[in-house]
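Novice: give me a 3D structure for the following:
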Amino acid sequence: MSVNASLFSQSWYLVSALSPRLRRHTAIHRHIYRGEVWYVLQDHASGQFHRFTPQAYLIIGKMDGQRSLQQIWEEACELLGDDMPSQDDIIGLVSKLFSANVLHSDTMPDMEALDRRHSMLARQKLIQKIKSPLAVRIPLLDPERFLNNTMSIVAPFFSRWMAGLWVLVVGLGILLAAVHWDALAGNLSDRVLAAENLLLMALVYPFVKTLHELGHAYAVKRWGGEVHEIGIMFLVFFPVPYVDASAATAFRSKYQRMLVGAIGILIEGFIAALAMLVWTQAEPGLVRALAFNTMLISGVSTVFFNGNPLLRFDAYYVLADWLEIPNLAKRSGSYVGYWVKSTLMGVRGLVSPAASGREAKWLMGYALTSYLYRIVIMMSIALFIASEYLFIGTLLALWTLWGGILQPLAKLLAKPFSDAQLKQQPKRTWAVISALVLVLVLLLGVIPFPYATYTHGVLSASENSQVRVRSSGFVDQLLANSGDEVEAGQPLLRLLDPTLGAEVAVLAAQVREAEARYLAAMGNRVEAGIQQELLNFRRQEYRRARDKEAALTLVAQKSGTFILPHAASLQGRYLSRGDLLGNIVNFDHLPVTVLVDEDRINGVRHRTRSVEVRMVSQQQRAFPASISRIVPASTQMLPNDILAVEAGGLIVTRPDGGAEHPQAFKHYFRLVLDVPDAPRERLNERVHVLFEHQPEPLLWRWLRDLRRVFLRQLNV
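Specialist: Numbering: from 1, shown residues only. Purely as a prediction, here's the structure:
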């Protein structure tokens, strides 16, 4: 109870003679939240719960229909001492209990007021359903009798052996999913939104979700609760079964309440793991497709919806019980309003919804993160659907834009005209709002912020400097050492192919034989023509063999420094045609090769004002650079595998690309940078590259990013 400036109220005479009592359909439970005792009043008729302090409970406990409010207040003042409630506190408590329809009085009820209250509550529920596609519920039936009759069958599943089996199966499912991730995630949107797959999802979805919701119902029954409502909830236009498990709120143990909230997630995780086992063993066909959709439904809904506490589904209630902060979402919103009024608007005398400073941090953090996540997840779903069904996705995006951004903004602007506390200080209120709007406009649309693109590159020689094996063979002799200055045409290395010499000798003999036959057939034009063709063929084979034999000696194609890695281990080693042996490098011009994400190439190409390079081995020193060349076509090929994540780089590569030709998942543009002052000691060293762009306001940058998202997802 709050401590007011005065114990007395001018309205006390209107209620002091009332002798109220709680209705028979109510019950009170003692709970402990964050080390403090609270009392929870349960209304069995409406399924609602109301939380009160011990001081309020003392007053409610005296409402027996015999004592008047005057007597109750006097006794409370005597018992509570310094914590005595004011008459306004008593009036507020009684009003709350009457509004909840849990209090009966000796006076005749105001039927007109009750009717107005019922109509107002119905309108509020309807508006809430229209505002969000995630909260439209249609009750269908009362499952209490069915649950009572079948509880004995389900009870063994609430045991330790089942918990151990769950850990084993789900752990195996996660391991298999990691192993087969590429096959699971490849081309996901096309596979999921295909018409035939949507039909399979429609068949699997009700089955999985029915088991999910029955899990909640049986968990409530396991600890003595009642479940009186089961129905359909529309989740992003898709019907999903639900049960009203609010009776768990009355459970004294928070761990029982947490398990009731988490049981659906546990069931879906178990189903997804079983489906993963089936998917890995089944042949392509209907069974495998059903297993895939079962995994998709159970896994995606768990990660993004039921298993995410930022949305008001299962994990939200688990988090609220774990933190011991009942009604977390509503109180978070109330705390944000309190903080704005008390801190920004300077309204005095407000009571914080948070019981402590630590709880205040949780409330503020949850309010901000849940709001942002709700917007992000709804827009992501809208874009995902719009990639296949543009009209439906656009409607959902507009709905989210209105309900998540425009409507709250409109309410915020209307607050100074509707809130009684803010209307008492209009100058301060409008000054704060104007200042906030001005700061927002300046920060987002006017003030330029530093803008840069960061990536990795590699200090490498150009491709025409590579020395590749031209003919397969065993290394016989090194004719030049690594680090030697060589001239164009100078021999570098000699290979040996024992079979090639014999092949050349055989082909030479075949050429001589073909020449003799041709000379012998000179008197016969037809035969001479045939022998001429055979002779030409033999000569071509002989020339190719001689070229291969000559190619066993590698020669320098240009002048420069010969770089030969692993020279000590080359002797006697077999090299295949096309293998990279080394480089002939001109250290006066050693460029840096960079890959830039295709989403960032426009800024790099048109808005770069300076480029900075830092060697991995000398990160404390920055080297100025300039863009020498931009390859006009994007690529997934990496110029050097040192840029891959596996080697410490930034680029995620495809596992099917192979070690010789690593490929990135995304498309990149290749740039060549000139870095005149860069050290040349280590070829193929990774470097940090920073492209500094012209500073610009954040709003224009975000608009470009948004446009890229639409181009990539919708091609519009």
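Novice: where does the stretch 351-500 of the chain have low pLDDT?
Specialist: Applying pLDDT under 70 to the stretch 351-500 of the chain flags residues 381-394, 396-397, 400-401, 403-405, 412-413, 415-417, 462-464.
Novice: for it, which segments count as helices?
Specialist: 357-386, 390-401, 407-418, 420-423, 426-441, 498-520 (DSSP state H, counting those that start in this stretch).
Novice: before we move on, what SS does residue 632 have?
Specialist: At residue 632 the chain is in coil, as set by DSSP: H, G, I helix; E, B strand; the rest coil.
Novice: for it, report the pLDDT, please.
Specialist: Looking at residue 632, its pLDDT stands at 86.
Novice: pull the number of nearby residues for it.
Specialist: Applying other Cβ atoms under 10 Å, we find 7 residues neighbouring residue 632. Heads up, the C-betas are built off the backbone N, CA and C, glycines and all.
Novice: do you know how far it is from residue 231?
Specialist: For residue 632, the distance to residue 231 under the criterion Cβ to Cβ, to the nearest Å works out to 58 Å.
Novice: so can I have a markdown table of the helices of the stretch 351-500 of the chain showing mean neighbour count?
Specialist: Output for the helices of the stretch 351-500 of the chain, formatted as a markdown table (neighbours: other Cβ atoms under 10 Å):
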| stretch | mean neighbour count |
| --- | --- |
| helix 357-386 | 17 |
| helix 390-401 | 16 |
| helix 407-418 | 12 |
| helix 420-423 | 13 |
| helix 426-441 | 13 |
| helix 498-520 | 14 |
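Novice: and residue 618, which of these is closest to it?
Specialist: Set against residue 618 and scored by Cβ to Cβ, the helices of the stretch 351-500 of the chain come closest in helix 357-386, at 40.0 Å.
Novice: now do that closest one: which elements does it pack against?
Specialist: Secondary-structure packing of helix 357-386 (3 or more Cβ pairs under 8 Å, 6 or more residues apart in numbering; DSSP states H and E): helix 188-193, helix 328-339, helix 390-401, helix 698-714.
Novice: now do the end-to-end distance for stretch 678-694.
Specialist: Counting by Cα to Cα, to the nearest Å, the length from the leading to the trailing residue of stretch 678-694 is 25 Å.
Novice: in that stretch, which residues are buried?
Specialist: 678, 683-689, 691, 693 (16 or more other Cβ atoms under 10 Å).
Novice: among the residues you listed, which two are most distant?
Specialist: 683 and 693 (29.9 Å).
Novice: distance from the host helix or strand of residue 321 to the middle of the chain?
Specialist: When secondary structure is defined using DSSP states H and E, the element that contains residue 321 is helix 314-323. What separates the centre of helix 314-323 from the centre of its chain is 20 Å, taken as Cα atoms, centre = their mean, to the nearest Å.
Novice: repeat that for stretch 253-268.
Specialist: Using Cα atoms, centre = their mean, the distance between the centre of stretch 253-268 and that of its chain works out at 24 Å.
Novice: mind listing what's buried along that stretch?
Specialist: Along stretch 253-268, these residues count as buried under the neighbour rule (16+ other Cβ under 10 Å): 254, 256-268.
Novice: end to end, how far does stretch 234-253 reach?
Specialist: Length of stretch 234-253, first residue to last, Cα to Cα: 31 Å.
Novice: tell me which of the buried residues of stretch 678-694 is nearest to residue 481?
Specialist: So of the buried residues of stretch 678-694, ranked by how close each gets to residue 481 (Cβ to Cβ), first place is residue 683, at 15.7 Å.
Novice: how far away is that closest one from residue 84?
Specialist: Distance from residue 683 to residue 84, counting by Cβ to Cβ: 84 Å.
Novice: still on that earlier bit, now the buried residues of stretch 678-694 as TSV including secondary structure?
Specialist: Converted to TSV, the buried residues of stretch 678-694 look like this (three-state DSSP):
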residue	secondary structure
678	coil
683	coil
684	coil
685	strand
686	strand
687	strand
688	strand
689	strand
691	strand
693	strand
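Novice: and these, which is closest to residue 293?
Specialist: Relative to residue 293, the closest of these is residue 686; by Cβ to Cβ it sits at 42.7 Å.
Novice: wait, residue 443 sits on residue 698?
Specialist: Yes. The pair residue 443 / residue 698 is scored as a contact, 7.0 Å apart, by Cβ atoms under 8 Å.
Novice: where does the chain have its least confident helix or strand?
Specialist: Taking all helices and strands of the chain together, the one with the lowest average confidence (mean pLDDT, DSSP states H and E) is helix 188-193, at a mean of 53.
Novice: let's see stretch 524-537 as PDB, backbone CA atoms only.
Specialist: Extracted in PDB, the C-alpha atoms of stretch 524-537 (Å, rounded to 0.1, in the frame of the first residue of the first chain):
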ATOM      1  CA  ASN A 524      49.200 -44.600-106.200                       C
ATOM      2  CA  ARG A 525      47.400 -41.300-105.600                       C
ATOM      3  CA  VAL A 526      44.700 -42.900-103.400                       C
ATOM      4  CA  GLU A 527      47.100 -44.900-101.300                       C
ATOM      5  CA  ALA A 528      49.500 -41.900-101.100                       C
ATOM      6  CA  GLY A 529      46.600 -39.700 -99.800                       C
ATOM      7  CA  ILE A 530      45.900 -42.200 -97.100                       C
ATOM      8  CA  GLN A 531      49.500 -42.500 -96.100                       C
ATOM      9  CA  GLN A 532      49.800 -38.700 -96.100                       C
ATOM     10  CA  GLU A 533      47.000 -38.400 -93.500                       C
ATOM     11  CA  LEU A 534      48.600 -41.100 -91.300                       C
ATOM     12  CA  LEU A 535      51.900 -39.300 -91.600                       C
ATOM     13  CA  ASN A 536      50.400 -36.000 -90.500                       C
ATOM     14  CA  PHE A 537      48.700 -37.700 -87.500                       C
END
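Novice: contact partners of it?
Specialist: 511, 514-515, 517-518, 521-522 (Cβ atoms under 8 Å, 6 or more residues apart in numbering).
Novice: which one of those is nearest residue 432?
Specialist: Distances from residue 432 to these, taken as Cβ to Cβ, are shortest for residue 511 (97.9 Å).
Novice: the closest one and residue 163, how far apart?
Specialist: From residue 511 to residue 163 the distance is 82 Å (Cβ to Cβ).
Novice: and what of residue 81?
Specialist: According to Cβ to Cβ, residue 81 and residue 163 sit 49 Å apart.
Novice: next: residue 642.
Specialist: Taking Cβ to Cβ as the criterion, residue 642 is separated from residue 163 by 46 Å.
Novice: pick out whichever of those two has more residues nearby.
Specialist: Here residue 642 and residue 163 are set side by side on neighbour count (other Cβ under 10 Å), and the busier one is residue 642, at 21 against 12.
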